[in-house]
Every structure is written in structure tokens, then in C-alpha cells.
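Colleague: sequence first, predicted coordinates after that:
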Amino acid sequence: MQAPLILRIPPGDDKPRHCCSECDTIVYLNPKNVVGTLPFFEDKVLLCKRAIQPRAGKWTLPAGYMENGESSLDGAIRETTEEAGASVIVKER
């Protein structure tokens, strides 16, 4: 038997997600593009230590999946804030 999906904001999230009405599994319908930044300050680069699999405990740049309706730049900035708590200023070169 398949349970219906319901649209709700899961605990710890801030966006409505399609969730299984029986087991609360989130069914992500967002793009599968990963976006991130290469944030630096003076001569230092900001890295994040992964807390979850894959590659838990390894160092990486702040990055994550885009949301629906989001530009790649907006997604990269949001992920940097979510993953590292950092504010970034984008400079064109």
C-alpha cells in the first residue's frame, strides 16, 4: 500500500515539502544541482567538516542542493549561510 504525500513544513525546515503521510519521509522534488561557494577572507579559505555521509568527517567547501525557483547564485549564497553560518559578498572578476 502506498500512503499519500502531504505538503507540510517538516520539523527543522522552513519550506513546505512533500512528505509521506505515514512515515514522514520527505520526497524532494527540487533540482539535483549542487551549488556552493569558494569563500575566502584575506589569505584563508572557509571549509566545512562534513557531519553526515557521504564522506563524514572530511573537509569540503560549503555547498548543497538548489531549491525550486532559485538561481544558482542565490542557492550558493543560501547554502554557504546554512552550512557555515557565513555571509558572503560576491565580487565579479
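Modeller: All right, it came through fine.

Colleague: walk me through the domains of the chain.
Modeller: 1-29, 31-85 (automatic domain parsing).

Colleague: how about those domains in JSON lines, adding distance to K91, mean neighbour count and mean pLDDT?
Modeller: Every C-beta, even on glycine, is put in place using the N, C-alpha and C of the backbone. Converted to JSON lines, the domains of the chain look like this (distance: least, CB to CB, whole Å; neighbours: other CB atoms under 10 Å; pLDDT from 0 to 100):
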{"stretch": "domain 1-29", "distance to K91": "28", "mean neighbour count": "11", "mean pLDDT": "91"}
{"stretch": "domain 31-85", "distance to K91": "10", "mean neighbour count": "13", "mean pLDDT": "94"}
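
Colleague: any chance of TSV for these, columns distance to E92?
Modeller: Shown next, in TSV, are these (distance: least, CB to CB, whole Å):
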stretch	distance to E92
domain 1-29	29
domain 31-85	11
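
Colleague: measure the nearest residue to F40 once chain neighbours are set aside to T80 for me?
Modeller: Nearest residue to F40 in three dimensions, chain neighbours excluded: L46, at 6.9 Å (CB to CB, 6 or more residues apart in numbering). Using CB to CB, to the nearest Å, L46 is found at 8 Å from T80.

Colleague: quick revisit: give the contact list for the residue nearest to F40.
Modeller: Residues counted as contacts of L46 (CB atoms under 8 Å, 6 or more residues apart in numbering) are 39-40, 61-62, 80, 84, 86.
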